[in-house]
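1. Prediction below, plus the sequence it came from.
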Amino acid sequence: MSEKYYTLSTTNTETFNEVYNELTTGVLVSRNVVCEDIMNHSPTRAEFLLTDEEATVVGDDDRVSFINLTPARYPDIYNATEDDLRMDVQANDYNRYGQAVKNWQYWANNGAILGSFTEDTAADQGRASAQLLRCKNKIHPWYIDNIGQQTSPIIRDPVQQGAGEHIDVICADNGTWIGHVEFINPNRVTFDAGAALSPQDYTGGNVLPGDGYCDVLDVVLDGPYYIDPEWFDADPGNRLETRWDGTIVPVESVARTWWGNSAQRSAKFASAGTVTISSAYTRNGVHGSNSTYPTTATATHGTQCASLIYGRNHGWAYNCNKWHLNLYGNGNAGSVERGFDIQKIFHQSKPVNPLYGTKNPTISSNSWGYRASKSSSFYYFQSATGTAYSGSGDEPEFIRYMGADGDSGRWKSEFYDNSLTQAGAELVNSGVIFVVAAGNSGQTQVNPDDPNYDNHVSDGASDGVYSTGGGQIFSSFGYSVTGTTNRRGFPQHIGKTEGETSQGNTTVKFPAINIGALDDAFATVGSGQERKVDYSDMGNAIDLYAPADGTLAATVGLYGTDVARFDDSYSTLSTTYDCRDTRFSGTSAACPVAAGFLATVVQYNRGWTYENIRNWIENNVEVQDSSDFYDNTRGTTAEGTEWADRNRLQGGVARVAYLASYPVTTPYPGAAPQRVISGPLNLRGNLSIRFGNR
């Protein structure tokens, strides 16, 4: 067979020299191969004349990262045009389903009571609440369509510009029932009610071998095989097993040991860091299966969040690499701090995506936070001197309503530095994009340049914010916190850093993307005017608001607001009550909606950091017009009557997550999310099988 021009690369210069010498001296293949271009500018890459059979042999060598036909030599194969590659245009729109589905601003069937549940029909296939349709355009679609009642659905096919391809998204929560149909590939199972409706470009599956039909993997139990496949493949009989859906996964005890013992992994990961994992962290306990609900973790909250990130019908990022981490639920890895370390190591150690030559970005969705009730004698409002009050019945107006609508009177304060905040700082500094629920305390969170930034409570008439200045130290679940009333809490202030500009000004950076919640009811019935829901935190420290109150999300078990889906069961499902959706509210819902939505933006900008994302939000996501979004004047005194109106933004900005224009700094490798590679292209064996187009 005739020779062709092939370009290959190795992981480092040393192995490149080995492969080069073996090729040109007849060791690796049975002849002396000609090196057509040594590429002196690259220490690990060169072009050789090889037959297809020889290219296959070379590609199977573990030292070779990739080998492919040289693109410049074969323009008929690598035929991307200028229009395909130019980066001054936005990603193309495409219809999600290819047919119209029901989109609800307000779920009209939320009045079911236990034992009397609504049932979907075939006409409800693919139905969702407003998180999909609302986040496409700046103007609220119910207002554009002049639909006066928020209880009337819009029948329309949602539009996407990507589905999170090649992004690792972690739902860091309390467990997820991954046997729910939202996470099951309908092309691999038989549904009892007929074919389930999936997005047209839905790919399904996960990044591990076995062609499994469940899309979700666990960072702790499955992540080690994603990171270190060679070590697991070296002894598959003892280190690997087959999950209920067909996915080849690590033996649970081996996966836990991989995290905790650097000697029980490949040498190249020996210095990646270790984390001791509790033996209570198990697949059945955290995730259940197609035959059981999670046995340890509650998982209701996590299942709902996961479906809003990457669910087949409810999530924006339905083609991302879907990961879950039981961060704080029963049977977790040991602590939130360990959970941060696990995500950091995962992000730093995971493999390079061969399609791009870079590691996939990691987005972590966090619908949780520390808050507590606080008892004090003095409050400070824009003053260094405290004003006394006697207790909850005498609290000033700016404090009185905090936690009243959604958090049982609890609210958040800034943490003092500790091992948890340090682990969090290391996590975001590693490059993980941290998306967080702002909180349900109806609390105003402000930036350092706001006059309310130092507002706090304490027991002394002249106590400063921090204990070093005499301030009172409060406690939140064992962690020492300040009594700040209008700053970000934790993890909202994760990775907070203070610096100084060249002009000598102090700068404070907050890596977390802070998400507030929209109401599912309009400001006035029939008006179409959106509003922040009463319990959501607000203020200028909120980056985005997203649909939240009354979203439809996947759930576990049987609850009073459930609806039985039309595609509620499949051939191998044997759990009680089949698969249901439910009404899910709070900034807990807004956060995963935003995380999935942002994954579709980051997929076209793989080098973006949190600063790039925030700059895009501030410069491209336009503020809502006052006629479209409810607000009013902010409170300027401690006792102002403005604080009683919990739908006000209190100096915040009405930015709703929507697909504003964004640059395309990472051209997508093809015209559509499903990739078909034509022509002879040889990747390193394990990579091509294990990662595919993920």
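-> Sure, I can see it.

2. Residue 665: how many residues sit nearby?
-> When neighbours are counted by other CB atoms under 10 Å, residue 665 registers 12. Glycine gets a C-beta too; all of them are placed from N, C-alpha and C.

3. For it, which non-adjacent residue is closest in space?
-> Spatially, and ignoring its direct neighbours in sequence, residue 665 is nearest to residue 605 (4.7 Å; CB to CB, 6 or more residues apart in numbering).

4. helix, strand or coil for residue 528?
-> Secondary structure of residue 528, reduced to three states by DSSP: H, G, I helix; E, B strand; the rest coil: coil.

5. Surely residue 232 is in a helix?
-> Yes - under three-state DSSP, residue 232 sits within a helix.

6. shouldn't it be in contact with residue 222?
-> No - using CB atoms under 8 Å, residue 232 is not in contact with residue 222; the gap is 10.6 Å.

7. how about the residue nearest to residue 665, secondary structure?
-> Residue 605 - assigned by three-state DSSP - is coil.

8. residues contacting it?
-> Residue 605 is in contact with 612, 662, 663, 664, 665, 666, counting by CB atoms under 8 Å, 6 or more residues apart in numbering.

9. which one of the residues you listed sits closest to residue 304?
-> residue 662 (27.9 Å; CB to CB).

10. which stretches of the stretch 251-400 of the chain aren't confidently modelled?
-> Scanning the stretch 251-400 of the chain with the threshold set as pLDDT under 70 gives 392.

11. can you do 80?
-> Residues of the stretch 251-400 of the chain meeting the criterion pLDDT under 80: 391-393.

12. So which residues of it form helices?
-> For the stretch 251-400 of the chain, applying DSSP state H, counting those that start in this stretch gives helices covering 252-260, 283-286, 300-310, 336-349, 397-400.

13. What of the stretch 51-200 of the chain?
-> So, for the stretch 51-200 of the chain - with DSSP H, counting those that start in this stretch - the helices run 52-59, 82-85, 141-144.

14. least reliable of those going by mean pLDDT?
-> Lowest mean pLDDT within the helices of the stretch 51-200 of the chain: helix 82-85, a mean of 31.

15. So which of the helices of the stretch 251-400 of the chain is the most surrounded?
-> Mean neighbour count (mean count of other CB atoms under 10 Å) peaks for helix 300-310 among those, with a mean of 31.

16. Identify the contacts common to residue 232 and residue 222.
-> residue 250.

17. Low-confidence ranges, the stretch 1-150 of the chain, go.
-> For the stretch 1-150 of the chain, the ranges with pLDDT under 80 are 1, 39-42, 71-72, 74-91, 107-119, 144-150.

18. Go again with 50.
-> Of all residues in the stretch 1-150 of the chain, those with pLDDT under 50 make up the ranges 80-90, 110-116.

19. all strands of it, in order?
-> Applying DSSP state E, counting those that start in this stretch to the stretch 1-150 of the chain gives strands spanning 4-10, 35-37, 45-50, 64-69, 94-95, 101-104, 118-119, 128-129.

20. Tell me which of those sits nearest to residue 141.
-> Across these, closest to residue 141 is strand 101-104 (CB to CB), at 7.7 Å.

21. Run through the neighbouring helices and strands of that closest one.
-> strand 128-129, strand 154-156 (3 or more CB pairs under 8 Å, 6 or more residues apart in numbering; DSSP states H and E).

22. Any chance of a markdown table for the helices of the stretch 51-200 of the chain, columns mean neighbour count and distance to residue 478?
-> Shown next, in a markdown table, are the helices of the stretch 51-200 of the chain (neighbours: other CB atoms under 10 Å; distance: least, CB to CB, whole Å):
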| stretch | mean neighbour count | distance to residue 478 |
| --- | --- | --- |
| helix 52-59 | 18 | 53 |
| helix 82-85 | 9 | 53 |
| helix 141-144 | 18 | 45 |
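
23. Is it possible to get CSV of those helices that adds distance to residue 285?
-> CSV is the format used below for those (distance: least, CB to CB, whole Å):
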stretch, distance to residue 285
helix 52-59, 41
helix 82-85, 47
helix 141-144, 41
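
24. so which of the ones you listed gets nearest residue 19?
-> Going by CB to CB, the one of the helices of the stretch 51-200 of the chain nearest residue 19 is helix 52-59, 7.6 Å.

25. then that closest one to CSV, C-alphas only?
-> Taking C-alpha atoms only, helix 52-59 is exported to CSV below (Å, rounded to 0.1, in the frame of the first residue of the first chain):
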residue,chain,number,x,y,z
ASP,A,52,-2.0,2.9,6.8
GLU,A,53,-0.9,-0.4,8.4
GLU,A,54,2.3,1.1,9.8
ALA,A,55,0.3,4.1,11.1
THR,A,56,-1.9,1.7,13.0
VAL,A,57,1.1,0.0,14.6
VAL,A,58,2.6,3.3,15.6
GLY,A,59,-0.7,4.5,17.0
